[in-house]
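Asks: Prediction below, plus the sequence it came from.
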Amino acid sequence: MSAAVRRNWARVLVPALALGLGLPVVVGLPPFEPRPAAAVPPGFTQQVVLTGLTRPTKLVFAPDGRVFVAEKSGIVKVFDSLADNTATVFADLRPRVYDYEDLGLVGLALPPNFPTDPYVYLSYTYDGVVGGSAPTYHDSCPVVGNCRASARVSRLRAAGNVTTGSEQVLLHDWCHQIESHSIGDLAFGPDGALYVAGGEGASATFTDYGQAGSPSNPCADPPAPAGGAMTPPSAEGGGLRSQDIRTPGDPTGLSGTLIRVSPTTGAGLPDNPLAASSDPNNRRILAYGLRNPYRWTFRPGTGEVWIGDVGWRTWEEVNRVVDPAVGPVRNYGWPCYEGNAPQGGYNAANLSLCETLYAQPAGTVTPPYYTYQHSQRVAPGDGCPTGGSSPAGVAFYPGSGGSYPAGYAGALFFADYSRGCVWAMRAGADGLPDPGRIVPFAAAPGVVDLRIGPENDLYYVDLLGGTVRRFHYSSGNQPPRAVAGATPTSGRAPLTVSFDAVGSSDPDPGDILEYQWDFTGDGTVDATGLNVTHRYASAGTYTARLRVVDFAGLAASTTVQIRVGTSAPVPVIEQPTTALRWATGQTVTFRGRATDPEQGALPASALSWNLVNMHCSTPENCHSHPVREVTGVASGTFPAPDHEYPSYLELTLTATDSGGLTGSTTLRLDPRTVQLRLATQPAGLRLNLNGRNLTTPYTVQAIVGSTNTVSAPGPQRLGPGTYTFQGWSDGGAATHVLTAPAAGSATYTASYDGAPGSCADGYGYTCTTQPGRPYLPSGPTELPLAGDNDTASVALPFPFPYHGQRYSRAWVDVNGVLSFVDPRGSRPVNRALPSAAAPNAALYPFWDDLVTHPESRVRTAVLGAAPDRQFVVEWRNVGLSGAPGARLSFQVALAEWGQVVFNYAGLNAGRELGNSATIGIENPTGTDAVQYSVNQLVLANGKAIVFTPPAAIVGALPTG
């Protein structure tokens with residue numbers, strides 16, 4: 001099967017707040033720790049070191065021992081040390097920070113000699129336009145995808161644990177109107193310069209060349225002014241902002257770049273590669289062609305920058321910028337390239353900035369150092385979900401001096417927020433991280449940043465749980481982990497509470513644990529055991545403590561708060577209801593209330609609302625994007641987001657009583673959808689919808705009102721024919737926007753004009769199609785092929801002439817391949833022809849990932865008499881991997897004089913018609929081939945494909 005068919009839908013994201021799933025539920029006071037820590041390699045423990053944070057995004061260790069943490073909303077907190085349990089608010093930038101969907105405060109850095117150099121550096125999305133005032137949108141957007149915003153890099157002067165004076169803005173750029181891919185991380189380099197990365201501000205849903213917005217083009221991307229129409233091939237907006245430096249006729253923006261600037265002025269440094277440029281942003285830029293370089297790091301001992309660049313449809317990237325301050329300035333290809341290949345949506349749109357880049361010689365675009373596909377596992381046995389993917393942290397472990405085992409020396413740790421996992425790319429013989437030596441490290445739900453701490457332990461920021469966690473290694477006895485459960489945590493006196501320690505664990509196999517309970521926090525052990533109960537006779541707030549002790553005396557503790565005499569409030573969402581089916585841009589009204597058993601009806605000031613967009617690669621595999629948070633109101637409105645399907649919204653109402661007890665209820669809101677049917681005339685040609693290459697006919701489910709970019713590329717081949725685009729049924733240009741209609745379904749047909757054509761190779765083989773040619777009988781010989789990925793050798797009844805040689809034996813593969821030389825195994829993954837890789841000297845009647853079923857047979861027959869015999873190999877009732885109900889039959893007929901015929905029967909729609917298969921023939925060295933089709937719907941029952949050797953006449957047989 002082709003990689004294109006295996007691909008899972010995926011969407012990248014930057015950090016998001018995740019809420020519970022399912023039907024509305026009321027919860028009380030949560031336990032001290034939000035969830036159990038994940039498994040780690042032997043000898044490691046995962047420890048919670050900082051708690052009580054609200055959507056933390058970034059962690060920085062100060063040289064004086066303090067710990068700074070940035071929160072997405074715009075608050076910066078400081079802890080005196082890792083042992084400090086109470087944070088001080090260093091700065092509150094919430095009025096200026098645009099905390100909406102994927103936007104917010106994401107970058108935090110300290111100069112190397114802090115606090116002697118007493119500045120704290122920030123990168124954040126600004127709630128307003130470049131040069132404008134904030135807040136403009138108040139962390140909302142009244143018209144989806146139409147709120148022009150920007151991003152800032154600034155610094156604050158520290159006076160102890162608080163800021164003093166006003167914010168000094170160093171840079172204000174990165175215009176965008178989509179709620180995604182804004183500013184990224186910033187850090188000081190080993191040279192003392194300030195490095196900053198920024199995203200391109202384009203849509204993560206549709207192919208974005210700047211056509212969105214009302215009025216359109218709000219950032220005035222060339223060539224149109226603000227409000228002007230943006231159309232291919234000249235458009236330079238959306239994702240193409242990453243290539244802006246290649247258009248010298250207009251000022252350069254910083255979107256999709258890595259820059260190096262003065263930490264005091266924000267200007268490009270005089271030794272930057274483009275310091276002589278007349279454009280001030282060109283003077284800053286070190287690398288471009290990046291999509292969403294959210295997290296990046298320096299390799300210790302070098303000036304190299306290693307970037308986790310979040311991909312789109314198929315690939316995630318780790319990019320290496322070698323000696324960026326020296327240059328040359330490198331282009332990493334986005335949006336024209338994703339991974340190592342042209343990006344389907346931007347390629348199909350025929351955009352000049354990409355087409356001219358495709359025409360450049362090899363090496364013009366710097367390839368990724370490492371890529372991984374959304375549908376593949378990063379490392380065998382990592383247990384991480386596939387589908388959605390997004391690099392969200394990179395950190396190098398020191399080459400020496402750390403306590404971790406030697407195998408981690410110089411390793412690159414990298415994390416994926418969507419998968420909730422961390423891996424280690426261990427160093428190779430050259431000292432660089434080796435993509436062939438990636439090992440699983442840990443599950444890390446909510447991970448949005450990785451840092452190496454002062455003691456050389458790896459830390460990560462857990463956005464979902466509001467914590468900072470550490471991975472510690474010890475070759476000796478490991479301390480246990482304490483997890484306490486309590487039911488209920490509040491109620492009227494007398495209150496009987498059941499406690500359990502079943503979530504507690506110890507990393508050392510076989511360790512015996514003792515569970516000690518102090519129910520009132522007075523330091524006295526009141527009970528021991530895995531499950532215990534305690535009766536609280538009088539009202540009050542109690543701190544129950546669990547202490548878990550292992551056999552060697554190492555211990556860990558945790559606490560649970562019990563409130564006696566009060567019960568948690570009960571919130572109710574009155575509007576909307578589960579009956580709502582929303583459309584993109586629809587104004588949704590929300591209204592709710594809450595009652596408390598002791599206080600009665602709670603005021604609106606006790607209520608808070610959270611709206612989250614759940615995006616799914618499959619209906620069961622979803623990740624979250626925050627949309628909006630509102631506090632202190634009983635009602636309001638929000639516009640439904642512009643998003644691809646499958647996705648849904650979660651609206652959570654939380655009520656807090658005067659005693660601090662909370663109760664929450666969550667409502668799932670599903671969208672209203674329609675069917676978008678894409679077709680071509682003739683059928684079987686390729687179209688591109690929102691970055692995905694699709695073979696027609698194809699039906700896509702879309703949210704009503706959603707924005708969709710469709711492209712009809714051309715010219716393109718279908719079988720032996722070449723076809724040129726003529727027009728769309730809706731009158732649109734070859735690339736244009738489809739707004740999903742309000743109801744039912746809609747069909748959009750692209751018409752092509754072309755000639756049937758012919759196909760041939762350099763040796764002289766030609767191919768034609770012959771409708772009505774009979775399907776030949778086969779049998780009685782049956783080859784011993786069964787299951788999946790099996791091959792069998794068969795003797796030919798006559799020497800078969802093929803590419804100037806005569807063969808007496810063939811190898812038959814379950815996966816629809818016949819080879820005249822031993823292929824050394826089965827080949828389930830098809831590819832384009834020719835290819836030097838095995839199999840070679842081969843015939844491909846239907847090369848795909850096929851499987852046999854009990855009713856499947858692979859049979860041979862010899863028909864006719866010498867010298868006009870035919871040898872037939874038939875695959876009958878074979879199945880397609882991943883399609884349990886599919887069955888198809890096809891055959892190869894070898895004429896004694898050298899003609900090859902492919903016949904087909906029992907074909908139905910989709911993959912059975914060839915849209916994930918290779919059809920053709922190939923020479924013995926894999927250097928020449930007749931490629932009839934690759935991943936196209938070109939096959940039909942009763943339509944034979946005939947391959948004729950040189951100097952022969954189609955349909956004629958030599959006489960004896």
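Replies: Nice, thanks for sending it over.

Asks: For burial, what's the neighbour tally of the nearest residue to Glu574 once chain neighbours are set aside?
Replies: Closest residue in space to Glu574, ignoring its immediate chain neighbours: Arg591 at 4.9 Å, by CB to CB, 6 or more residues apart in numbering. Every C-beta, even on glycine, is put in place using the N, C-alpha and C of the backbone. Other residues within reach of Arg591 by the criterion other CB atoms under 10 Å amount to 15.

Asks: For Arg591, give its distance to Leu651.
Replies: Spatial separation of Arg591 from Leu651 under the definition CB to CB, to the nearest Å is 11 Å.

Asks: Please identify every residue contacting each of the two.
Replies: Common neighbours of Arg591 and Leu651, using CB atoms under 8 Å, 6 or more residues apart in numbering, are Ile573.

Asks: mind checking the SS state of the residue nearest the centre of the chain?
Replies: For the chain, the residue lying nearest the average C-alpha position, counting by CA atoms, centre = their mean, turns out to be Ser389 (2.6 Å). In the three-state summary, Ser389 is assigned as coil, counting by DSSP: H, G, I helix; E, B strand; the rest coil.

Asks: shouldn't it be in contact with His374?
Replies: Yes: assessed by CB atoms under 8 Å, Ser389 is found in contact with His374 at 4.9 Å.

Asks: Spell out the secondary structure type for Leu357.
Replies: Each residue gets one of three states, and Leu357 gets helix by three-state DSSP.

Asks: quick one: the closest residue in space to it that isn't next to it in sequence from Gly465, how far?
Replies: Spatial nearest neighbour of Leu357, excluding adjacent residues (CB to CB, 6+ apart): Cys336 at 4.9 Å. If you measure Cys336 against Gly465 using CB to CB, the figure is 38 Å.

Asks: Spit out the contact partners of Gly165.
Replies: Contact partners of Gly165, counting by CB under 8 Å, 6+ apart, are Leu156, Arg157.

Asks: The one 3 residues further on now?
Replies: Contacts of Gln168 were listed using CB under 8 Å, 6+ apart, and they are Ser154, Arg155, Leu156, Arg157.

Asks: In strands only, show me those.
Replies: Assigned to strands by DSSP state E, the following of the contacts of Gln168 qualify: Ser154, Arg155, Leu156, Arg157.

Asks: Residues in a beta bridge with the third one, which ones?
Replies: In other words, Leu156. With DSSP bridges as the criterion, Leu156 is bridged to Val120.

Asks: quick one on the thing from earlier: which one of Cys336 and Gly465 has more residues nearby?
Replies: Cys336 (23 against 18).

Asks: Tell me how far that one lies from Gln360.
Replies: Distance, Cys336 to Gln360, using CB to CB: 10 Å.

Asks: Can you name the next helix or strand after the longest strand that the chain contains?
Replies: Across the chain, the longest stretch assigned as strand under DSSP E is strand 162-176. Read in the C-terminal direction, the helix or strand following strand 162-176 is strand 183-188, with elements assigned using DSSP states H and E.

Asks: Can you identify the element that follows that next one toward the C-terminus?
Replies: With DSSP H and E setting the assignment, the helix or strand that follows strand 183-188 is strand 194-198.

Asks: Identify the residue spatially nearest to Tyr369, adjacent ones excluded.
Replies: Leaving aside its chain neighbours, Tyr369 sits nearest to Arg320 (4.1 Å; criterion: CB to CB, 6+ apart).

Asks: before we move on, the earlier item: can I assume the residue nearest to Glu574 sits in a strand?
Replies: Yes: Arg591 forms part of a strand when assessed by three-state DSSP.

Asks: check contacts around it.
Replies: The contact partners of Arg591, by CB under 8 Å, 6+ apart, come to Ile573, Glu574, Gln575, Ala634, Ser635.

Asks: Could you check how far the residue nearest to Pro774 when sequence neighbours are not counted is from Phe890?
Replies: Ranked by CB to CB, 6+ apart and with sequence neighbours excluded, the top spatial neighbour of Pro774 is Asn903, at 7.9 Å. Computed as CB to CB, the Asn903 to Phe890 distance reads 7 Å.

Asks: neighbours of Val60, just the number please.
Replies: Based on other CB under 10 Å, the number of other residues close to Val60 is 21.

Asks: so which strand or helix has the closest residue to it other than its chain neighbours?
Replies: With CB to CB, 6+ apart as the criterion, Val60 has its nearest non-adjacent residue at 4.5 Å, and that residue is Phe68. Under the criterion of DSSP H and E, Phe68 resides in strand 67-71.

Asks: Tell me where the model's unsure across the stretch 201-350 of the chain.
Replies: Counting by pLDDT under 70, the stretch 201-350 of the chain shows no low-confidence range.

Asks: for the stretch 851-960 of the chain, same thing?
Replies: By pLDDT under 70, the low-scoring segments of the stretch 851-960 of the chain are 952-960.

Asks: If we use 90, what do you get?
Replies: Within the stretch 851-960 of the chain, the segments meeting pLDDT under 90 span 882-885, 908-911, 913, 915, 933-940, 951-960.

Asks: what residues are up against the residue nearest to Asp518 when sequence neighbours are not counted?
Replies: Distances taken as CB to CB, 6+ apart put Arg545 closest to Asp518, at 4.4 Å, once the chain neighbours are dropped. Applying CB under 8 Å, 6+ apart to Arg545 gives the contacts Trp517, Asp518, Gly521, Ser557, Thr558, Thr559.

Asks: Just the residues you listed: which are in strands?
Replies: Counting by DSSP E, the members of these that fall within strands are Trp517, Asp518, Ser557, Thr558, Thr559.

Asks: tell me which of the residues you listed is nearest to Glu644?
Replies: In terms of CB to CB, no member of those lies closer to Glu644 than Thr558, at 41.1 Å.

Asks: Based on its surroundings, how many neighbours for that closest one?
Replies: Look at Thr558: counted by other CB under 10 Å, it has 20 neighbours.

Asks: Touching, it and Leu546? I think so.
Replies: Yes: with contact defined as CB under 8 Å, Thr558 and Leu546 form a contacting pair (5.5 Å).

Asks: who touches both of those two?
Replies: Listed contacts common to Thr558 and Leu546 are Ala482, Val483, Ala484; contacts here mean CB under 8 Å, 6+ apart.

Asks: the helices in this protein, which residues?
Replies: In order along the chain, the chain carries the following helices (DSSP state H): 3-6, 344-348, 352-358.

Asks: Packed most tightly, which of these would that be?
Replies: Scoring the helices of the chain by mean neighbour count under mean count of other CB atoms under 10 Å gives helix 344-348 as the most buried, with a mean of 26.

Asks: Tell me who's in contact with the nearest residue to Met614 once chain neighbours are set aside.
Replies: The shortest distance from Met614 to any residue that is not its chain neighbour, by CB to CB, 6+ apart, is 4.6 Å, and that residue is Cys622. Under the criterion of CB under 8 Å, 6+ apart, the contact partners of Cys622 comprise Leu21, Gly388, Met614, His615, Cys616, Pro646, Ser647.

Asks: Give the buried subset of those residues as a PyMOL selection command.
Replies: Filtering the contacts of Cys622 down to the buried ones (16 or more other CB atoms under 10 Å) takes a single PyMOL command:
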select buried, resi 388+614+615+616+646+647
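
Asks: Greatest separation within the contacts of Cys622: which pair is it?
Replies: Greatest spacing in the contacts of Cys622, by CB to CB: Leu21 and Gly388 (15.3 Å).

Asks: how many other residues sit next to the closest residue to Pro135 other than its chain neighbours?
Replies: Distances taken as CB to CB, 6+ apart place Asp127 nearest to Pro135, at 4.2 Å, with adjacent residues excluded. The criterion is other CB under 10 Å. On that basis, Asp127 has 27 neighbouring residues.

Asks: measure Asp127 to Glu200 for me?
Replies: Separation of Asp127 from Glu200 (CB to CB): 20 Å.

Asks: Then Tyr807?
Replies: Distance from Tyr807 to Glu200, by CB to CB: 54 Å.

Asks: Check Ser664 too.
Replies: Distance, Ser664 to Glu200, using CB to CB: 36 Å.

Asks: These two: which has the busier surroundings?
Replies: Per other CB under 10 Å, whichever of Ser664 and Glu200 has more neighbours is Glu200, with 32 against 24.
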